[in-house]
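[1] sequence and predicted model, in that order:
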Amino acid sequence: MKIFNKKPILFVRIILVLTSSILGFLIGKEYWHNNLLSYVGLLFGFTIGFIVVSVEKNMGSISTKKILAGGIGLFIGLFLINYITYQLLKSFFTGSNLGHVTYAFVNFIAGYLGLIIGLRVFDDFGIGVNHLDLKNLRVGSADGGEQCLNYKVIDTSSLIDGRILDVSKTGFIDGTFAIPAFVLHELQHIADSQDQLKRVKGRRGLDILKELREDKNINIEFTDADYPNIKEVDAKLIAFAKEKNGKIITTDFNLNKVAQVRNIKVLNINDLVKALRPILLPGEIMTVLIAKEGREKNQGIAYMDDGTMVVVEDAMKLVGSELNVVVTSVLQTSSGRMIFARINYDKEQAAN
């Protein structure tokens, strides 16, 4: 999916407004044959162009189905006016300048009413996703079966973290991974950063995203959905997850808290890792590799696979050695968990 640069889009919008203004001026000059009144046409053309650009900017947060429903209503309204009412009142509409103005006004009102009725029908009959239970909604998949639309919205932090790839491959997270355009844009911005550390993180996130996309067992969906009126990416994520009735996958602590306040379910990778840590009780035996000397006298430091620190007594001079140890106590701190242990001399002697 391509992310368009904002500058070309802004240029196109300016050209559209200018073109609309010039056409309005030319039409006004041709119709009224008066240079002063031609500027009324210019103002009218500018207003039309401005309205079109404003509508286009806000269409990113509206579903395609809703746009289609409104378009159908608009078409029906204009059809009724132009092919039914016009035939009945043709002499009035074409007889004077008042008739032309009235005809244009009636078209505007009919188009507006058709658009509004189309949108109301869309909402009242539950065509939109807001009236569907997305957890139970099933659509046809490529192989002819059914696939549950259970959205998991992945944020930038979880892609940079990388563990989402390993978790996904296990199959514990089902449903469809959704990658909004603004997340991909933020990831690209980080990858292009002048700061080397940020650049490395951004490229790692893009690599993880590429592997997720290439895995045939993982359902991933890229979407162009955007929210122009919302500036912060975290706020856009929350709005998107709320619209899709999905869950956010993140490692961002602040996003986690804000999403919970907004009643958005969050799957925090860090919480998952903590939950999967092995429960160790005093007296249990395990094997560790002494990685470095401890701060206190005669202490050696080892680490478990999940990064938990193990402080081993009388192991200062055994750095680089793999030892059998007995857990003496487990301490839970604000920064994580620490395990204290002593060397299991009985097993060590038996091994020797």
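    Nice, I can see it. None of the values given here were measured: they were computed from a predicted structure. Residues are numbered from 1 along each chain as shown.
[2] which residues does the residue lying closest to V288 once chain neighbours are set aside contact?
    Of all residues not flanking V288 in the chain, A302 sits nearest, at 3.7 Å (Cβ to Cβ, 6 or more residues apart in numbering). Where C-beta positions appear, they are placed from N, C-alpha and C, glycine not excepted. Listed by Cβ atoms under 8 Å, 6 or more residues apart in numbering, the contact set of A302 reads 288-291, 309-310, 312, 315, 323, 325.
[3] quick check: beta-bridge partners of A302?
    I290, V310 (DSSP bridges).
[4] so what's it scoring on pLDDT?
    Looking at A302, its pLDDT stands at 92.
[5] and the residue lying closest to V319 once chain neighbours are set aside, what pLDDT?
    Leaving aside its chain neighbours, V319 sits nearest to I290 (5.2 Å; criterion: Cβ to Cβ, 6+ apart). Note for I290: predicted pLDDT of 92.
[6] ok, and what's touching stretch 222-240?
    For stretch 222-240, contacts defined as Cβ under 8 Å, 6+ apart pick out 1, 57-58, 60-61, 153, 155-156, 178-184, 186, 243, 246, 248, 252, 254-255, 258-259, 262, 264.
[7] would you mind measuring the gap between the ends of it?
    Taking Cα to Cα, to the nearest Å, stretch 222-240 runs 13 Å from one end to the other.
[8] number the chain from 21, please
    Happy to do that; since the first residue is 21 now, the last one works out to stretch 242-260.
[9] can you list the buried residues in it?
    Neighbour counts over stretch 242-260 (16 or more other Cβ atoms under 10 Å) mark 243, 245-247, 250, 253-254, 256-260 as buried.
[10] these in helices, which ones?
    The helices, defined by DSSP state H, take in 253-254, 256-260 from the buried residues of stretch 242-260.
[11] please produce CSV containing those, extended by pLDDT and distance to G182.
    Conversion of these to CSV gives the following (pLDDT from 0 to 100; distance: Cβ to Cβ, whole Å):
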residue, pLDDT, distance to G182
V253, 87, 19
D254, 88, 20
K256, 89, 23
L257, 90, 19
I258, 90, 23
A259, 89, 26
F260, 90, 22
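[12] mind picking the two most distant members of the contacts of A322?
    By the measure Cβ to Cβ, M329 and L343 form the most distant pair in these, at 15.2 Å.
[13] higher neighbour count, these two?
    More crowded of M329 and L343, by other Cβ atoms under 10 Å: L343, with 23 against 18.
[14] surely R297 is in contact with D326?
    Yes - look at R297 against D326 with Cβ atoms under 8 Å: they come within range, at 5.5 Å.
[15] next, count neighbours for R183.
    By the criterion of other Cβ under 10 Å, R183 has 14 neighbours.
[16] kindly apply the preceding question to L300 instead.
    Neighbours of L300 under the rule other Cβ under 10 Å: 18.
[17] low pLDDT regions in the stretch 271-372 of the chain?
    Within the stretch 271-372 of the chain, the stretches with pLDDT under 70 are 353-356, 367-372.
[18] what about the helices in it?
    273-281, 289-295, 365-371 (DSSP state H, counting those that start in this stretch).
[19] hey, which of those helices is tucked in deepest?
    Most buried of the helices of the stretch 271-372 of the chain, by mean neighbour count (mean count of other Cβ atoms under 10 Å): helix 273-281, with a mean of 15.
[20] show me what that one is packed against.
    The contact analysis (3 or more Cβ pairs under 8 Å, 6 or more residues apart in numbering; DSSP states H and E) places helix 273-281 against helix 253-264, strand 267-270, strand 286-288.
[21] ok, and what's touching it?
    Helix 273-281 is touched from outside by 175, 177, 254, 257-258, 261, 268, 270, 285-286, 288, with contacts defined as Cβ under 8 Å, 6+ apart.
[22] that older thread, between the helices and strands packed on helix 273-281, which one is closest to V350.
    strand 286-288 (22.4 Å).
[23] what does the closest one rub up against?
    Identification of contacts with strand 286-288 by Cβ under 8 Å, 6+ apart yields 172, 193, 267-271, 275-276, 279-280.
[24] what about 6 Å?
    Applying Cβ atoms under 6 Å, 6 or more residues apart in numbering, the contact partners of strand 286-288 are 267-269, 276, 279.
[25] show me which pair in those is furthest apart.
    Greatest spatial distance in these: K267 and N276, 11.6 Å, computed using Cβ to Cβ.
[26] can you list residues touching both of these two?
    Counting by Cβ under 6 Å, 6+ apart, K267 and N276 have no common neighbour.
[27] touching, S178 and L185? I think so.
    No - at 9.7 Å, S178 and L185 do not qualify as touching, with contact defined as Cβ atoms under 6 Å.
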